[in-house]
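Student: everything below, folded, please.
(2 chains)
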Amino acid sequence: MSVILLSRKPLLTRLNQAVRSLFANGEKGLWLDPSDLSTLYQDSAGTVAVTATGQPLGKESDKSGRANHVSQATAAARPVYTEASGIKYLAFDGVDDGLATATFAAGTLTSNMDVFVAVKRNTASELCTIFSRGGTSFLGAFATAGVSPEGAAYFGAGAPSMWVDGALVPGGNSRLALGGALTIGAWRVVEFRNVNLSAWTDIGLATYPGYRPAMSVVGVVVSVAQSDAKRTQIRQYLANKVGVVL
Amino acid sequence: MNVLRTIIIPADLVGKARNFGETLSPAGANMYLTPLSPTGNLPATHYISSGIIGSEFADLLPLITVSKGAKLGDPDIVTKAPGKPVVMHAAATAGAKAQKLTLTATEPDAVNIMDQSDTSGQPPFEAMARLGLQMLKGTL
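Tutor: Here you go, the predicted structure:
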C-alpha cells in the first residue's frame, strides 16, 4: 500500500501571495498575521520578540508595508499570543485588552474599503465591537438577542455589507444579526465590504472603551475594496488558518 | 517572568492606584479604566485591570489565592498574601523622578490600596464573579 502525503504548503503559499498582492503597488490598508512570529513583540517598543504561547503582545508589525503597526503601551491591556490546537492567535480578555495603530491623517484610508477578520467570540458578552476609531466610530458591533439593545453594527458613512464565512449576514447591518452569526466558541471569517473609513484616524482592535470583546483573532486584512474573486482568496487565506471549511 | 494578575480597585482609591501605576513604569499608565458595579449600572464602585504584568511589579502586590474546599460542596478557600506597600511607594517615588512625573499618592495610600483591593491570578470574569461585580452597561 502506498501513502500519498498531500502538503498544504503550496496552497498556503499561494494564498499568502494573494494577500501580499493586495498591497504590492502601495495600496492602502493593514495586514495582521499573528501566525508570523517575526511580526510579534512583547513590548510596545518592539524590542522583545514573542517566542512562545502565553506571552503578551505589545506590538504587531503590519505586513501590508504601510507601517500601520498596532501596539499597546499598557502592560495589563495587552492581548496574549496563544497557540492551541495548531492555531496561532491573539486572545483578548474582554475587559481592557486592545491594540491600535498610531494616529494617521483623515483620508489615509478611503471611502470604499474591505475589512476581513478571522475571529472567535469567547463569551456571550452583552455588546461589543471588534474595530473602532478611538472612542467614536466603530465597525463590527455585535450583540446578544434578548440581552442587548439593537443598533447598527457600523457607525459612519457608506453602505457596507456584512458577510460571515462567505455568506451575507441575514438581517442587514445590525448588531443582533452579527451577534447571531458569531457562534460562541467557533471560528468565523467576517467580512465588512465597501466600508467608508475615510474619516478614520486610527484603527483599533477591541479598543472601544466599555465595549471590548472577549475574542480570539487569527488575522486581519484591511484593503481597498476588492473584486469578488480576490475576496474569496482573502477569505480562504483566513479560513485556512483556523480550519474553517467554506 | 510575567504573570497574570487581575486587580480590582475600589472607586474611591482608583486615582491613587493610577498614580502608582504610571509612576512605577510607563507600562503601568492607563490602568484601571474599566468600571464595575454590582448591578452593571452606574455608579461605578470599582475599576479593573487584568493582564500579564512583570513579576517585578506583581511581587509588590498582595495576592489572593482561591482554592477548592476539601470536599465537594465545601466553599472555596480564599487566602491573601500581603503586599509590600513601603517598597511600592519607594519604587514609585524613584519611577516618578526618572520619568519626571508627580507622585501624589502616599505610603498610607499604598497601604489602603493593598488592604482594600483584590489582586489575584484569576481570569477577570472569574474574579468579578467571586466579588459579585460586573462591567458597566452602556449604550454604543
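Student: and the strands in chain B, which stretches?
Tutor: B:2-10, B:34-37, B:46-54, B:63-67, B:77-81, B:118-120, B:134-135 (DSSP state E).
Student: for residue A:111, see how far away residue A:198 is.
Tutor: Residue A:198 sits 4 Å away from residue A:111, going by CB to CB, to the nearest Å. All C-beta spots, glycine's among them, are computed from the backbone N, C-alpha and C.
Student: figure out how far the worst-scoring helix or strand of chain B on mean pLDDT is from the centre of its chain.
Tutor: In chain B, the helix or strand scored least confidently by mean pLDDT, DSSP states H and E is strand B:77-81, which has a mean of 92. A distance of 15 Å separates the centroid of the chain from that of strand B:77-81, by CA atoms, centre = their mean, to the nearest Å.
Student: what lines up beside it in the sheet?
Tutor: strand B:63-67 (antiparallel) (DSSP bridges).
Student: rounded mean pLDDT for the strand it pairs with, please.
Tutor: Mean per-residue pLDDT for strand B:63-67: 94.
Student: now the helices: where do they sit in chain A?
Tutor: Using DSSP state H, the helices of chain A run over A:9-21, A:175-181, A:228-242.
Student: one step back: and the least confident helix or strand of chain B, which residues are buried?
Tutor: Residues of strand B:77-81 classed as buried: none (neighbour count, 16 or more other CB atoms under 10 Å in any protein chain shown).
Student: how about stretch B:33-51 as PDB, C-alpha atoms only?
Tutor: Extracted in PDB, the C-alpha atoms of stretch B:33-51 (Å, rounded to 0.1, in the frame of the first residue of the first chain):
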ATOM      1  CA  LEU B  33     -10.100  52.300  33.200                       C
ATOM      2  CA  THR B  34     -12.800  49.700  33.100                       C
ATOM      3  CA  PRO B  35     -15.600  50.500  35.600                       C
ATOM      4  CA  LEU B  36     -17.500  47.800  37.600                       C
ATOM      5  CA  SER B  37     -20.500  47.700  39.800                       C
ATOM      6  CA  PRO B  38     -22.700  45.000  41.400                       C
ATOM      7  CA  THR B  39     -25.600  45.700  39.100                       C
ATOM      8  CA  GLY B  40     -23.700  46.700  35.900                       C
ATOM      9  CA  ASN B  41     -25.300  50.100  36.200                       C
ATOM     10  CA  LEU B  42     -23.900  53.400  37.400                       C
ATOM     11  CA  PRO B  43     -22.300  54.400  39.700                       C
ATOM     12  CA  ALA B  44     -19.100  52.500  39.300                       C
ATOM     13  CA  THR B  45     -18.000  51.100  42.600                       C
ATOM     14  CA  HIS B  46     -14.700  49.500  41.400                       C
ATOM     15  CA  TYR B  47     -12.300  49.600  38.400                       C
ATOM     16  CA  ILE B  48     -10.400  46.600  37.000                       C
ATOM     17  CA  SER B  49      -7.200  45.900  35.100                       C
ATOM     18  CA  SER B  50      -6.300  42.400  34.000                       C
ATOM     19  CA  GLY B  51      -3.400  41.000  32.100                       C
END
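Student: any chance you could list what contacts it?
Tutor: A:56, A:74-78, A:80, A:93, A:95-97, A:209-210, A:212, B:4-11, B:14, B:17, B:21, B:31-32, B:123-124, B:127-128, B:131-137 (CB atoms under 8 Å, 6 or more residues apart in numbering or on different chains).
Student: tell me the residues of chain B that contact chain A?
Tutor: For chain B, the contact set with chain A under CB under 8 Å from any CB of the partner chain comprises B:2, B:5, B:7, B:25-31, B:33-35, B:48-54, B:57, B:123-125, B:135-140.
Student: same thing but at 7 Å, please
Tutor: Where proximity means CB under 7 Å from any CB of the partner chain, the interface of chain B facing chain A comprises B:2, B:26-31, B:33-34, B:48-54, B:124, B:136-140.
Student: stretch A:165-182: end-to-end distance?
Tutor: Using CA to CA, to the nearest Å, the end-to-end distance of stretch A:165-182 comes out at 10 Å.
Student: again, but for stretch B:29-37
Tutor: 23 Å.
Student: also stretch A:80-97?
Tutor: End-to-end distance for stretch A:80-97, by CA to CA: 9 Å.
Student: what's the average pLDDT for it?
Tutor: On average, stretch A:80-97 scores 97.
Student: and the longest helix for chain B?
Tutor: Assigned via DSSP H, chain B shows its longest helix as helix B:85-99.
Student: could you pull out the buried residues of it?
Tutor: Buried residues in helix B:85-99, defined by neighbour count with 16+ other CB under 10 Å: B:85, B:88-89, B:91-92, B:95-96.
Student: which secondary structure elements does that helix sit against?
Tutor: helix B:14-24, helix B:107-116 (3 or more CB pairs under 7 Å, 6 or more residues apart in numbering or on different chains; DSSP states H and E).
Student: how about the residues of chain A that lie near chain B?
Tutor: A:56, A:73-78, A:80, A:93, A:95-97, A:126-127, A:129, A:138, A:141, A:149, A:151, A:209-211.
Student: now, of those residues, which are buried?
Tutor: A:56, A:73-78, A:80, A:93, A:95-97, A:126-127, A:129, A:138, A:141, A:151, A:210-211.
Student: any regions of chain B where pLDDT drops low?
Tutor: For chain B, no stretch has pLDDT under 70.
Student: nearest residue to residue 40 other than its sequence neighbours?
Tutor: Reading this off chain A. Closest residue to residue A:40 apart from its sequence neighbours, by CB to CB, 6 or more residues apart in numbering or on different chains: residue A:50 at 3.8 Å.
Student: ah, I was thinking of chain B
Tutor: residue B:134 (4.4 Å).
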